[in-house]
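>>> Okay, sequence plus prediction incoming.
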Amino acid sequence: MRVLYFAWLRYRTGKASEDLALPEGVTTVRQLGAWIAERSPGFKEAWESEGVVRIAVNQRHITDDVALGPDDEVAFFPPVTGG
Amino acid sequence: MRVLYFAWLRYRTGKASEDLALPEGVTTVRQLGAWIAERSPGFKEAWESEGVVRIAVNQRHITDDVALGPDDEVAFFPPVTGG
Amino acid sequence: MIRVQREPFDAGSELRALTAKRTDIGAVVSFQGNVRAEQGDRAVRAMTLEHYPGMTEGELARLEAEAQARWPIQASLIVHRYGRLEPGEPIVLCIVASAHREPAFEACSFLMDWLKTRAPFWKLEETADGERWVEAKASDDEAAARWRG
Amino acid sequence: MIRVQREPFDAGSELRALTAKRTDIGAVVSFQGNVRAEQGDRAVRAMTLEHYPGMTEGELARLEAEAQARWPIQASLIVHRYGRLEPGEPIVLCIVASAHREPAFEACSFLMDWLKTRAPFWKLEETADGERWVEAKASDDEAAARWRG
């Protein structure tokens, strides 16, 4: 599974992307976020604040939690500011 | 006083403009329209139809009747269709 | 700025000229109106625009002043053509530049709605059946009415 | 059509290309967003746009498809830049061509509102005090919400 971080969340994790095997006990994207938060205090602070971390799975915005498979691409990012 | 006619109203009067002395008994623009209608059957038909003839005095749209002076410029035209 | 002219205009050149070297402009909205070959079920060969020289310029300047009074506008331009125009040719251009997108969109839309009901232009269509004066649309009056203060 | 690019674009050339030889287009509305030198009380030296390659293109294409489903659109274009941009430089261009002005204005305004809240771009401002990530605006969410079907 490929995981991407954008904008200041990338600074928090110290990396733009990483390849992960789906961790033990993680079956959904929210569980994955919580699992990453346990390893990265900077990410954790953002993850636990309301409305700060947005999620895309396979390059589509998601708002509800969704199940993950081993080939999924998951991205975490702050609210977008294009245009 | 200068009087102008535009678009198909110009066809009705047969002229684009004319210079007139303010006719006897005519003191307002609506009286002027009625006076022209008496001389031009084509104009009269339009003048007596609701919402067909629009008026500008000194190059400003007017909706209410206004008093006229000898140096005023009056224009009669159908609803505009620019843009 | 306003211009009334017989010649074609180039929207790109006008856009560039209006915003050149400006760093206070965040949003530029432009509207261009062209002659269409089909008007309803009629095939149009050309359109001749008649106008009221003098009043046209006055009315466009008043429209622009009204927009500037209602919205924070950095720069604006209205160009309107007259004379004989063929399908595909540009008729009118309206550009509004502002710091933000909402006033730019609103002011440009307002200018076009008011222009349609206030600028003294009249369109004569040429079709295979002859000439025909374009009639004003009730929908244009309604569009203009929504901006009444 | 959509394009995501580092290079500048020229709105005039894009407008011409989109409408060339078309006689079915009556109205062309365009929006261009530029970098402003002042953002609130901060003097901005430059703006660096980061994006999510792949998702950006997908999201812009979905926005364009949604606009085409909602309005009768003859032609449309969205161009969005990324990388480092200085004040006065263009960021985004959106053009919508239609037979009539109302759908052209509405669709262009809709595209910009949705783009602001959906296209995966993030802006990093450079000021005299250092770098700062631009925060999303609640007003952008509200602007996007008015188009919910």
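Yes, it's here.

>>> low-scoring pLDDT stretches of chain C, where are they?
For chain C, applying pLDDT under 70 flags the ranges C:149.

>>> could you redo the last one with a cut-off of 90?
Scanning chain C for pLDDT under 90 picks out C:39-42, C:138-139, C:141, C:147-149.

>>> Bridge partners for the residue sitting nearest the centre point of it, pull those for me.
With distances taken as Cα atoms, centre = their mean, the residue of chain C nearest its centroid is C:Val92 (4.0 Å). Beta bridges link C:Val92 to C:Gly33, C:His80 when assigned by DSSP bridges.

>>> Can you name the residue of chain A nearest to chain D?
Nearest residue of chain A to chain D, counting by Cβ to the nearest Cβ: A:Gly82, 2.8 Å away. In this view, the C-beta of every residue, glycine as well, is placed from N, C-alpha and C.

>>> count of residues packed around that residue?
The tally of other residues near A:Gly82 (other Cβ atoms under 10 Å in any protein chain shown) stands at 27.

>>> List the buried residues in stretch C:51-63.
C:His51, C:Tyr52, C:Met55, C:Thr56, C:Glu57, C:Gly58, C:Glu59, C:Leu60, C:Arg62, C:Leu63 (16 or more other Cβ atoms under 10 Å in any protein chain shown).

>>> quick one, what contacts the fourth one?
Going back to what we said before, that points to C:Thr56. Contact analysis of C:Thr56 by Cβ atoms under 8 Å, 6 or more residues apart in numbering or on different chains lists C:Val4, C:His80, C:Ala119, C:Pro120, C:Phe121.

>>> Am I right that it is in a helix?
Yes - C:Thr56 forms part of a helix when assessed by DSSP: H, G, I helix; E, B strand; the rest coil.

>>> Break down chain A into its helices, ranges please.
A:8-13, A:29-39, A:41-47 (DSSP state H).

>>> Show me what the last one packs onto, helices and strands only.
The elements that helix A:41-47 packs onto, with contact taken as 3 or more Cβ pairs under 8 Å, 6 or more residues apart in numbering or on different chains; DSSP states H and E, are helix A:8-13, helix A:29-39.

>>> where does chain A dip in pLDDT?
Counting by pLDDT under 90, chain A has low-confidence residues at A:50-51.

>>> Run through the residues of it sitting next to chain C.
Counting by Cβ under 8 Å from any Cβ of the partner chain, the residues of chain A lying close to chain C are A:Gly83.

>>> can you tell me which residues contact the residue in chain A positioned nearest to chain C?
In chain A, the residue found nearest to chain C is A:Gly83; the distance is 7.8 Å by Cβ to the nearest Cβ. A:Gly83 is in contact with C:Arg101, D:Gly33, D:His80, D:Ile91, D:Val92, D:Met112, D:Leu115, D:Lys116, D:Ala119, D:Phe121, counting by Cβ under 8 Å, 6+ apart.

>>> Relative to B:Pro70, how far out is the last one?
Pointing back at D:Phe121 there. D:Phe121 sits 65 Å away from B:Pro70, taking Cβ to Cβ, to the nearest Å as the criterion.

>>> okay, the two: which has more neighbours?
Taking other Cβ under 10 Å, D:Phe121 and B:Pro70 do not tie; D:Phe121 has more neighbours (26 against 8).

>>> Would you agree the more buried one is in contact with D:Pro53?
No - contact criterion Cβ atoms under 8 Å: D:Phe121 and D:Pro53 do not qualify, at 11.1 Å.

>>> related to what we said a few turns ago, show me the one of the helices and strands packed on helix A:41-47 that comes nearest D:Asp41.
Checking those against D:Asp41 by Cβ to Cβ gives helix A:8-13 as the closest, at 21.4 Å.

>>> C-alpha coordinates for the closest one, CSV please?
C-alpha atoms of helix A:8-13 as CSV (Å, rounded to 0.1, in the frame of the first residue of the first chain):
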residue,chain,number,x,y,z
TRP,A,8,2.4,20.8,6.1
LEU,A,9,1.4,17.2,7.0
ARG,A,10,4.4,16.1,5.0
TYR,A,11,6.6,18.2,7.3
ARG,A,12,4.9,16.5,10.3
THR,A,13,5.6,13.0,9.1
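
>>> And for it, what's in contact with it?
For helix A:8-13, the external contacting residues (Cβ under 8 Å, 6+ apart) are A:5, A:16, A:36, A:40, A:42-43, A:45-46, A:53, A:76-78, D:133.

>>> For that helix, buried residues please.
A:Trp8, A:Leu9, A:Arg10, A:Arg12, A:Thr13.

>>> how much space between the fourth one and D:Ala27?
When Cβ to Cβ is the yardstick, A:Arg12 and D:Ala27 sit 46 Å from each other.

>>> on that earlier part again, just name the closest of the buried residues of helix A:8-13 to C:Thr19, please.
Closest to C:Thr19 out of those is A:Trp8 (31.1 Å), distances taken as Cβ to Cβ.

>>> and that closest one, how far is that from D:Trp122?
To D:Trp122, A:Trp8 is 8 Å away according to Cβ to Cβ.

>>> list residues touching both of these two?
Residues touching both A:Trp8 and D:Trp122 (Cβ under 8 Å, 6+ apart): A:Pro78, D:Trp133.

>>> I'd like the buried residues of helix A:8-13 as TSV, with distance to D:Gln68 appended.
Listed next are the buried residues of helix A:8-13 as TSV, based on distance: Cβ to Cβ, whole Å:
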residue	distance to D:Gln68
A:Trp8	35
A:Leu9	33
A:Arg10	34
A:Arg12	38
A:Thr13	38
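
>>> Tally up the residues packed near C:Arg132, please.
Other residues close to C:Arg132 by other Cβ under 10 Å number 15.

>>> List the beta-bridge partners for the spatially closest residue to it that is not a sequence neighbour.
Excluding the flanking residues, the one nearest C:Arg132 by Cβ to Cβ, 6 or more residues apart in numbering or on different chains is C:Glu125, at 4.9 Å. According to DSSP bridges, the residues that bridge with C:Glu125 are C:Met47, C:Arg132.

>>> so which residue of chain C comes closest to chain D?
Per Cβ to the nearest Cβ, C:Gly12 is where chain C lies closest to chain D, at 1.3 Å.

>>> Pull out the buried residues from the contacts of helix A:8-13.
Neighbour counting by 16+ other Cβ under 10 Å classes A:Tyr5, A:Ile36, A:Ser40, A:Phe43, A:Ala46, A:Val53, A:Phe76, A:Phe77, A:Pro78, D:Trp133 among the contacts of helix A:8-13 as buried.
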